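Q: Here is my input, please return the structure:
(one chain, ligands or ions: 1)
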Amino acid sequence: TLKEAFKDKFLIGVAVNRSQINQSNQEETKLITSQFNALTAENDMKWMYIHPKEDTFNFEQADKLVELAKANDMFVVGHTLVWHSQLAPWVFKTDKGDTINNAELTSRLKKHISTIVEKYKGKIDAWDVVNEALAEDGSYRKSPFYTIGGESFIENAFRFAHTADPEAELYYNDYNLINAEKRDGAIRIINNLKSKNIKIDGVGIQAHWSLEEPTIEEIETAIKMYSETGVKVMFTELDISVLPSPWNSPTADVSVSFENNPTMNPYPNGLPDSVQTQLAKRYAAIFELFNKHADKIGRVTFWGLHDGLSWKNNFPIRGRTDYTLLFDRAMEPKKAFNAVIDTVND
Ligand code: G3I
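A: Predicted coordinates:
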């Protein structure tokens, strides 16, 4: 299994959704607990679900996830405390509907983070404290957290999380963190926190990748550079799309639906063998690199259990059929699964 193969290298995690948390399908539960030793909630710990109103917290799904993880000796990652997306509508507004000021934002962040992290103290092992605070050019994303709070919202979030559970590992998590400009932005965040003696343990590189991008060389450079700042490197949301990205294709119109745009589904009869092999080779190259730098890498988490559950089926166009993961829609291991395992057996 994956967790056995990589046990001396890094944790192997999986993101799960509500139906896996509720164990609606025992086959899925078996696959989760036999193959993986770390769990992330794909959605259920996000602000809109866990803290939908100012005085309402909803811990039901998070409790169940923690229970499942603990019964199976799995590492739990809390995803995510502060993110501009999947947020509750009340967060930036006063009762009168005005935008809150920084003092109020700080107090809301404190309540949100302290309540959740304290509740799961000693149970949730690590937190994606801040998610996606950077723009593509490495400057801060102009989300309301930033426009109201400035960069101090990041410092505050890490401070509140550390106070609430001093043992929990704390991460900064983002996508496109291999790209040089954004990578340097993330390194700036890490160094800034460290210079102020604020605890940060890791960087979470989301890793929503394609068959070609980013290159192995680019990933390796990033691993080395992040590691030099003194944090652990985590690959937190790994999946590899085999479909063309509409943004890269000059002929694709992303505004039209999938049904009207058949070029967005090049494999109506299932994934051909040649592409299965391409995907297997791509995964193998990535894991060979991870193995080489296993001393710097804490965890690799797949963003979904099997192809049928991948968010990529609905992104960037709803209804696409993508084949991003190591298990197919029947939960059978794909060529890519064997190729990944073989990187440690070779
Ligand atoms: O909860 C509603 C449900 O009531 C409704 O019936 C259903 C119908 O579409 O939608 C449900 O909400 C969906 C939600 O996932 C929960 O399943 C949203 O439509 C859907 O857009 C949302 O997508 C999630 C996405 O974050 C939102 O931005 C994906 O599952 C999840 O994989 C994705 O995860 C993010 C990471 O958290 C951060 N990094 C990027 C990654 C991919 O976007």
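Q: which residues touch the residue in the stretch 201-346 of the chain positioned nearest to the ligand?
A: Of all residues in the stretch 201-346 of the chain, the one sitting closest to the ligand is Trp311 (3.4 Å; Cβ to the nearest ligand atom). For glycine as for every other residue, the C-beta is placed from the backbone atoms N, C-alpha and C. By Cβ atoms under 8 Å, 6 or more residues apart in numbering, Trp311 lies in contact with Glu42, Asp239, Trp303, Gly304.
Q: residues in contact with the first one?
A: With Cβ under 8 Å, 6+ apart as the criterion, the residues that contact Glu42 are Ala15, Val16, Asn17, His79, Trp303, Gly304, Trp311.
Q: which bits of the stretch 1-150 of the chain sit near the ligand?
A: Glu42, Asn43, Ser85, Gln86, Asn131 (Cβ under 6 Å from any ligand atom).
Q: Verify the stated contact: the second one with Gln20.
A: No - under the criterion of Cβ atoms under 8 Å, Asn43 lies out of contact with Gln20, with a separation of 11.1 Å.
Q: Tell me which of these two has more neighbours.
A: Gln20 (24 against 17; other Cβ atoms under 10 Å).
Q: I'd like the distance between the more buried one and Thr324.
A: Distance of Gln20 to Thr324, given as Cβ to Cβ, to the nearest Å: 17 Å.
Q: all helices of the protein, in order?
A: 2-5, 18-21, 26-35, 47-50, 60-71, 102-119, 144-149, 152-164, 180-195, 216-228, 273-292, 335-345 (DSSP state H).
Q: ok, and what's touching the second one?
A: Right, helix 18-21. Outside helix 18-21, the residues touching it (Cβ under 8 Å, 6+ apart) are 25, 28-29, 32, 41, 43-44, 61, 64-65, 68, 305, 309.
Q: switch to 10 Å and redo it
A: For helix 18-21, the external contacting residues (Cβ atoms under 10 Å, 6 or more residues apart in numbering) are 14, 24-25, 28-29, 31-32, 39, 41-44, 49, 60-69, 304-305, 309.
Q: Now the buried members of those residues.
A: 14, 28-29, 31-32, 39, 41-44, 49, 61-62, 64-66, 68-69, 304-305, 309 (16 or more other Cβ atoms under 10 Å).
Q: Correct me if wrong: Gln278 contacts Lys334.
A: No - applying Cβ atoms under 10 Å, one finds Gln278 not in contact with Lys334, separated by 11.8 Å.
Q: Name the residues contacting each of these two.
A: With Cβ under 10 Å, 6+ apart as the test, Gln278 and Lys334 both reach Leu271.
Q: ok so, going back, including pLDDT, could the contacts of Trp311 go into TSV?
A: Formatted as TSV, those follow (pLDDT from 0 to 100):
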residue	pLDDT
Glu42	98
Asp239	98
Trp303	98
Gly304	98
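Q: Just flag the most distant two among these.
A: Glu42 and Asp239 (11.3 Å; Cβ to Cβ).
Q: shared neighbours of these two, anything?
A: Ala15, Trp303, Gly304, Trp311.
Q: Okay, and the beta partners of the first one?
A: Legend: beta-bridge partners of Ala15 under DSSP bridges are Thr40.
Q: wouldn't it be in contact with Thr80 here?
A: No - look at Ala15 against Thr80 with Cβ under 10 Å: they stay out of range, at 11.5 Å.
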